[in-house]
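A.B. asks: no sequence on hand, only this structure:
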């Protein structure tokens, strides 16, 4: 009876602990093998379809503001950037006499992401203000890369005053506030970015994380669901959606997303532990054992869950079944 009680208590504590853990969107090393890189191929035209040459194109990584590419279109309005780490990028296109465009692009492994950009004619005053705003935005990115977050926030805020309809300004301001642990302001900035660009994967994913940090999992779920719909092959988004469902008491829905997570990323340690504890609750001992054993193979010995996983496995193997 004692071991059974410990088993139940351990499972409850484990699920409670993991339920409030949210995977952070962390940068990866800049150098990756060529076969895993992607590229963007674009063409810029005016409203009548004529190519726009010498348009300035800025490509900014969403996982590291210090990774920025600057290029110009040729006389056919075309541009190409190779050697991009798979993920999301903000693409900004500017040309004197036109309103600038800013949007999010997903780059996949060893594939060309093709985009078409149409520029609209602009008024001189609006164009001048937007040009200054863009310079402030890039200055903010430089400060952010240097970890000068107070200066970065100030630059983004000034850019927003000049151009309050640019979703990317709000998004990067939100990232900066997050670094400064100004969580309420970060949440508001991400909300504004998402309202201006509802189809942005990054804005939805950050909003989901912001609400999850506040333990508002029903709200977080909405934005993680949107993120997953926009990028079904993102392992982190699937995992975090599973965490939301787990905290909302929906084990079966959580299970589906944790399974999807390990399909997408075979070494996703957290997901195997979550799967193991859920299968215990579902009285599926074989599946629980398999996932906990995989967790132990992948997890570093310093992981505090290693001892818990060993204890769970010992009980499961001795009893031959899971306790519920």
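C.D. replies: Perfect, thanks for sending it. Everything quoted here is computed from the prediction, not taken from an experiment. Numbering: from 1, shown residues only.
A.B. asks: isn't residue 226 up against residue 204?
C.D. replies: Yes. Residue 226 is within contact range of residue 204, at 4.4 Å (criterion: Cβ atoms under 8 Å). (Each C-beta comes from the backbone N, C-alpha and C, glycine too.)
A.B. asks: which of these two has more residues huddled nearby?
C.D. replies: Each of residue 226 and residue 204 had its neighbours counted (other Cβ atoms under 10 Å), and the higher figure belongs to residue 204 (26 against 22).
A.B. asks: intersection of neighbour lists for residue 226 and residue 204?
C.D. replies: residue 198 (Cβ atoms under 8 Å, 6 or more residues apart in numbering).
A.B. asks: sec struct for residue 40, please.
C.D. replies: strand (DSSP: H, G, I helix; E, B strand; the rest coil).
A.B. asks: pretty sure it sits against residue 83.
C.D. replies: No. Using Cβ under 8 Å, residue 40 and residue 83 do not qualify as a contacting pair, with a distance of 10.4 Å.
A.B. asks: neighbour-wise, which of these two wins?
C.D. replies: Residue environment comparison for residue 40 versus residue 83 gives the larger neighbour count to residue 40, 22 against 11, counting by other Cβ under 10 Å.
A.B. asks: ok, the more buried one - contacts?
C.D. replies: Residue 40 makes contacts with 59, 79-81, 84, 89, 91, 105, 107, 112-115, as judged by Cβ under 8 Å, 6+ apart.
A.B. asks: list just the nearest of those residues to residue 174.
C.D. replies: residue 89 (17.0 Å; Cβ to Cβ).
A.B. asks: how near is the closest one to residue 231?
C.D. replies: 13 Å (Cβ to Cβ, to the nearest Å).
A.B. asks: between the two, which one's more packed in?
C.D. replies: A direct count of neighbours by other Cβ under 10 Å for residue 89 and residue 231 places residue 89 higher, at 25 against 19.
A.B. asks: the more buried one and residue 58 touch, don't they?
C.D. replies: No. With the criterion set as Cβ under 8 Å, residue 89 and residue 58 do not qualify as a contacting pair; they are 9.8 Å apart.
A.B. asks: low-confidence ranges in the stretch 201-324 of the chain?
C.D. replies: Low-confidence segments of the stretch 201-324 of the chain, defined by pLDDT under 70: 321-324.
A.B. asks: my bad, the stretch 51-200 of the chain
C.D. replies: Low-confidence regions of the stretch 51-200 of the chain, defined by pLDDT under 70, span residues 63-66, 123-130.
A.B. asks: quick one: the strands in it?
C.D. replies: 56-61, 68-72, 78-84, 87-94, 101-107, 112-119 (DSSP state E, counting those that start in this stretch).
A.B. asks: and the fourth one, what does it pack onto?
C.D. replies: Packing contacts for strand 87-94, counted by 3 or more Cβ pairs under 8 Å, 6 or more residues apart in numbering; DSSP states H and E, involve strand 38-46, strand 56-61, strand 101-107, strand 112-119, helix 124-145, helix 167-179.
A.B. asks: contacts for the shortest one next, please.
C.D. replies: Contacting residues not belonging to strand 56-61 are listed as 40, 42, 44, 67-73, 79, 81, 84-85, 87, 89-95, 134, 138, 141, 168 [Cβ under 8 Å, 6+ apart].
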